[in-house]
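*Asks:* Structure for the following, please:
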Amino acid sequence: MKKLEYWIQKNNLMVNIGRTVAMSYHTKQSRFPMRPKISYRITDIAYKSDTEFLGIHITENLKWTTCICVLRLQLSKVCYIIKSVQGIVGLGMISFYHSKYESLVRYSIIFWGAGNESVPILKLQKRMIWSMCGAGTGTSCTQLFKDCKILTVTSLYVYEVLCFLKKYKSGV
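*Replies:* Next comes the predicted model:
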């Protein structure tokens, strides 16, 4: 533990003990995860099962359900705004969609986009497209996505992963 304190002091880092938590990542099957005692100076650092880091909700078993629930709430608010201003905004609706809805979805999609948890986000996106285009809920969204030049959540995930791979590819 002395090495950690020395490293913090050497690099002039401040540690907010009140906001610092520890997590022990493990699978759902492991009943008793290892949780060694962690302390900084005289204060013990508590373990938590989930936390928020840079706007991304992380759980100890690396499931993204909490992150998806928070994102659904945010996106539902955007859906309501778009539905409310649909007749007023007109052509600016697509740019409003990109700035409000898609920016929220793209922020952490590389983490949660591959799981089954992303289905509710796609359903919200379909509801958004129906509202923007003034179409009924039974209308197929395939053509609406093409007409509005909007990528589906699944396509956004693939796009973000490809961009990540291109940016961080090795020299192979």
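
*Asks:* Which residues are in contact with the residue nearest the centre of the chain?
*Replies:* Computing the C-alpha centroid of the chain and ranking residues by Cα atoms, centre = their mean puts S108 first, at 3.5 Å. By Cβ atoms under 8 Å, 6 or more residues apart in numbering, S108 lies in contact with G55, I56, C67, L71. From N, CA and C alone the C-beta is placed, and that goes for glycine too.

*Asks:* Got the domain ranges for this structure?
*Replies:* The chain resolves into domains spanning 2-48, 65-168 when parsed by automatic domain parsing.

*Asks:* Looking at those, which one is packed in the most?
*Replies:* Most buried of the domains of the chain, by mean neighbour count (mean count of other Cβ atoms under 10 Å): domain 65-168, with a mean of 15.

*Asks:* start to end distance for that one?
*Replies:* 27 Å (Cα to Cα, to the nearest Å).

*Asks:* before we move on, what about stretch 141-159?
*Replies:* Note: stretch 141-159 ends 20 Å apart using Cα to Cα.

*Asks:* Now do the helices in the protein.
*Replies:* 2-10, 65-84, 86-89, 93-97, 103-107, 109-112, 119-133, 141-148, 153-168 (DSSP state H).
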